[in-house]
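**Q** what's the 3D shape of this:
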Amino acid sequence: MDSVGQRSPEKCFIYVTTPIYYPNDKPHLGHAYTTVLADIISRWFSLAGCNSYLLTGTDEHGAKLQREAEKRGMDPKDFVDQMAEVFKEYWKMLGIGYNRFIRTTEQEHEEVVRYVISKLWDKGYIYSGKYRGWYCTACEKFYSEGEYVVENDVVMCPIHRRVLEFIEEDTYFLKLSLFKDYVLRILREGNIVYPKHYSDEVATKIEIEGLQDLSIARPKTRVSWGIELPFDNRYVVYVWIDALLNYLTGLGYPRNTDRIEQYWRSSVQLIGKDILWFHTAIWFTILAMLDLPPPKKLLVHSYLTIKGQKMGKSLGNVVSIDEMVKRYGNPEVVRFIIARIANYDKDVEVSWDIYDSIYMGDLLNNYGNLVRRATTLAIKTLNGNAIRDLDEEFAKTVDKLKQQSIDYYNSLEVATAVKYTLDILHETNAYINRKEPWRTIKPNQTIYTVLESIRIASLLLHPIMPVTTSNILNSLGLDRIEHGLEQFKLGYIERYNVKEAPIPFKKIR
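**A** Residues are numbered from 1 along each chain as shown. Below is the predicted model of the structure:
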C-alpha cells in the first residue's frame with residue numbers, strides 16, 4: 001500500500017475515523033479491534049510529526065435503538081445518553097486518545113444532516129417513490145434477491161441469521177444510479193480502498209446489478225426515533241445517511257472550510273468489511289453530490305471470528321474487553337494483541353492460546369526481559385550511566401529493521417510494523433548474549449547500543465502502548481517523547497542515566 005501523510009509537519013494533516021457504533025450494549029472486543037487500530041494509526045502519525053485528528057463516537061438513531069429502548073422501558077434519548085457514557089468509559093480504559101467523540105443526537109450533527117438533505121433535495125438528487133423489499137433491523141438495511149439467505153423457505157439476514165421483514169411503503173430515494181460510472185471509476189482505477197479485493201468486490205456487484213437508487217427516508221409511523229426530513233416531517237432520515245455524515249460533522253462541515261481542506265484530503269477511514277457497501281457505493285456518491293472527493297484511504301479489516309462466525313452482539317458470541325484486561329492486568333496488552341493480530345485480508349479466529357503466546361513470547365520474554373537485563377547491567381556495571389558510543393556494525397541491523405517498521409506504519413500495515421519492531425528486540429537480546437558485557441572491563445559501548453535499541457523499539461511501540469513505553473523510557477532517564485522522525489536516529493541520545501531495572505510485564509496468574 002502507498003504511504004499516507006507527508007514528512008513536513010506544516011503540511012502533514014491526518015484525519016482518522018472509526019465507524020460510529022450502535023450503543024445498544026457495551027462495546028466488546030470487536031469494537032475495540034477497529035477503534036484501537038485507528039488510535040494506533042493516529043498516534044503513529046502524531047509521533048512522526050503530523051497534525052493528527054481522531055474521530056469516533058456513537059450512532060444513536062434508528063429502529064434498532066428505538067426498539068432496544070422500548071424493551072428496557074426507557075426513552076430513546078435517555079437510553080443513548082446512558083450508553084454513550086459507557087462507550088467513553090471503555091475507550092478511556094483502552095487509552096483511546098480521540099480528539100472528538102461524536103454523537104448523532106448532537107444538535108450540531110442534526111443540523112449538518114438537515115443541511116445536506118436540503119442541499120441534495122435542491123440539487124434534484126432526491127425524489128419520492130414507493131419501496132418494496134426485505135429489511136433487517138439489526139443491519140438497518142434492505143436486502144435484494146441474491147443477498148439474503150433462504151433457510152427452510154424463510155428469508156434470513158446473511159449476517160445476523162434473523163428473519164427479514166418484508167416492507168412496502170412510500171419513501172424518498174437518492175439518485176445513486178446517476179453516479180454509477182463515477183463510483184466504478186474510483187473502485188477500478190483508484191487505490192482508495194485497501195485491500196484492493198474489497199474494491200473489486202463492490203465494483204463487480206455494481207457491474208452485475210447496477211447502482212440502484214437508495215431509499216433514504218423512513219415513515220415516522222414505523223421509525224419515530226431519527227432526524228426529520230427538512231422538507232417532509234412525516235419521515236425521518238435513514239439511519240445510515242445520518243451516520244455517514246458524522247465524518248463531515250467531525251470536521252465542522254460546512255462552515256469550517258479550512259479544516260475540511262486540511263484534513264479531508266488526508267482522511268483514513270477504518271471500517272469492518274460488513275459495512276463496505278455503505279462506505280463505498282453510497283458514501284462516495286454522497287460526497288460527489290456535495291462536490292467533495294472520496295477519502296484518501298478506506299482501510300477495511302476482516303472479522304474477528306469465534307468458531308468461524310463473526311463476533312457480534314446479535315449472535316451472542318462476544319469476548320468482553322473486561323475479560324481481556326483482567327486476564328493480562330494491563331489494558332495496553334489488549335492494544336498490543338490487537339496490533340499483533342490485525343489482518344485486513346483474512347478473518348482472525350479469537351484464541352486465548354494465541355493471545356497468551358503473544359503475551360508470553362513478545363512482551364514478557366522478549367521486550368520485558370530485554371528491558372530488565374539491560375537496565376540491571378547498566379546499573380551494575382556503569383552505575384546507570386552510559387555515554388554515547390554506538391556499535392556502528394550492530395546499529396546497521398537495527399537501523400534497517402527500524403526503517404522497515406516506519407515504512408509499514410506509514411503504509412498503515414500495523415501488524416507488519418510491529419513484527420519488525422519485535423525483530424529489533426530479538427536481535428538485541430542476541431547481541432547481548434554475543435557480547436557478554438558482564439565479562440568485559442569496558443561495557444559502555446555494548447550497553448549504550450542496547451539502550452539505544454530499546455529506545456528505538458519503545459518509540460516504535462509507543463503508539464500501541466503509550467503508558468508502558470513512556471514508563472520504560474523514563475526508567476532509562478528519558479523524561480519526554482518528541483514529535484518527528486529525527487528522534488529515531490540511532491545515537492540520538494548523548495547519555496543515559498538508568499534509574500531503575502523495571503519488570504514491565506508479569507506472568508499470567
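
**Q** Spit out the contact partners of Arg162.
**A** Taking Cβ atoms under 8 Å, 6 or more residues apart in numbering, we find Arg162 in contact with 136-138, 156, 314. Any C-beta I mention is one placed from the backbone N, CA and C, and that applies to glycine too.

**Q** Out of those, which end up buried?
**A** Taking 16 or more other Cβ atoms under 10 Å as the criterion, what is buried in those is 136-138, 156, 314.

**Q** which one of the residues you listed is nearest Asp75?
**A** Nearest to Asp75 out of the buried ones among the contacts of Arg162 is Thr137 (Cβ to Cβ; 19.3 Å).

**Q** Confirm for me that that closest one is in contact with Arg67.
**A** Yes: counting by Cβ atoms under 8 Å, Arg67 is a contact partner of Thr137 at 7.0 Å.

**Q** Name the nearest residue to Pro27, ignoring sequence neighbours.
**A** Using Cβ to Cβ, 6 or more residues apart in numbering and skipping residues adjacent in sequence, the residue nearest Pro27 is Tyr90, 5.0 Å away.

**Q** What is the nearest of the buried ones among the contacts of Arg162 to Asp78?
**A** Nearest member of these to Asp78, counting by Cβ to Cβ, is Thr137, at 20.7 Å.

**Q** give the contact list for the closest one.
**A** Contacts of Thr137 by Cβ under 8 Å, 6+ apart are 63-64, 67, 162, 165.

**Q** Have a look at those residues and tell me the least confident one.
**A** Across the contacts of Thr137, the smallest pLDDT goes to Arg162, namely 79.

**Q** Please report how far that residue lies from Thr137.
**A** Per Cβ to Cβ, to the nearest Å, Arg162 is found 8 Å from Thr137.

**Q** Measure how buried Val318 is and give me the count.
**A** 21 (other Cβ atoms under 10 Å).

**Q** Provide the secondary structure category for it.
**A** coil (DSSP: H, G, I helix; E, B strand; the rest coil).

**Q** So, low pLDDT: which residues of the stretch 301-450 of the chain?
**A** 311, 313-316 (pLDDT under 70).

**Q** follow-up on the earlier one: give me the element the residue nearest to Pro27 is part of.
**A** Assigned by DSSP states H and E, Tyr90 belongs to helix 76-93.

**Q** May I see the buried residues of that helix?
**A** Quick answer for helix 76-93 (16+ other Cβ under 10 Å): 76, 79-80, 83-84, 87-88, 90-91.

**Q** Against which helices or strands is that helix packed?
**A** Under the contact criterion of 3 or more Cβ pairs under 8 Å, 6 or more residues apart in numbering; DSSP states H and E, helix 76-93 touches helix 29-47, strand 51-58, helix 63-71, strand 100-103, helix 321-328.

**Q** And the helices in the stretch 101-250 of the chain?
**A** If DSSP state H, counting those that start in this stretch is used as the criterion, the helices of the stretch 101-250 of the chain fall at 107-122, 180-189, 196-209, 239-244, 246-249.

**Q** before we move on, the earlier item: okay if I get the buried residues of helix 76-93 as TSV plus pLDDT?
**A** As requested, the buried residues of helix 76-93 are exported to TSV (pLDDT from 0 to 100):
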residue	pLDDT
Pro76	94
Phe79	95
Val80	95
Met83	96
Ala84	97
Phe87	98
Lys88	98
Tyr90	98
Trp91	98
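
**Q** follow-up on the earlier one: in JSON lines, list the helices and strands packed on helix 76-93 along with distance to Leu460.
**A** Output for those, formatted as JSON lines (distance: least, Cβ to Cβ, whole Å):
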{"stretch": "helix 29-47", "distance to Leu460": "9"}
{"stretch": "strand 51-58", "distance to Leu460": "17"}
{"stretch": "helix 63-71", "distance to Leu460": "40"}
{"stretch": "strand 100-103", "distance to Leu460": "27"}
{"stretch": "helix 321-328", "distance to Leu460": "21"}
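
**Q** so Thr104 sits right up against His61, yeah?
**A** Yes: taking Cβ under 8 Å as the definition, Thr104 is a contact partner of His61 at 5.7 Å.

**Q** joint contacts of these two?
**A** 242-243.

**Q** So those two - more neighbours on which side?
**A** Neighbours were counted for Thr104 and for His61 using other Cβ under 10 Å; His61 has more, 27 against 24.

**Q** pretty sure Ile481 is in contact with Leu47, am I right?
**A** Yes: with contact defined as Cβ under 8 Å, Ile481 reaches Leu47; the gap is 7.3 Å.

**Q** shared neighbours of the two, which are they?
**A** Counting by Cβ under 8 Å, 6+ apart, the residues touching both Ile481 and Leu47 are 459, 462.

**Q** Comparing these two, which shows the higher neighbour count?
**A** Leu47 (22 against 16).

**Q** quick one: the more buried one and Leu460 touch, right?
**A** No: using Cβ under 8 Å, Leu47 is not in contact with Leu460; the gap is 9.0 Å.

**Q** Fine, thanks again, bye for now.
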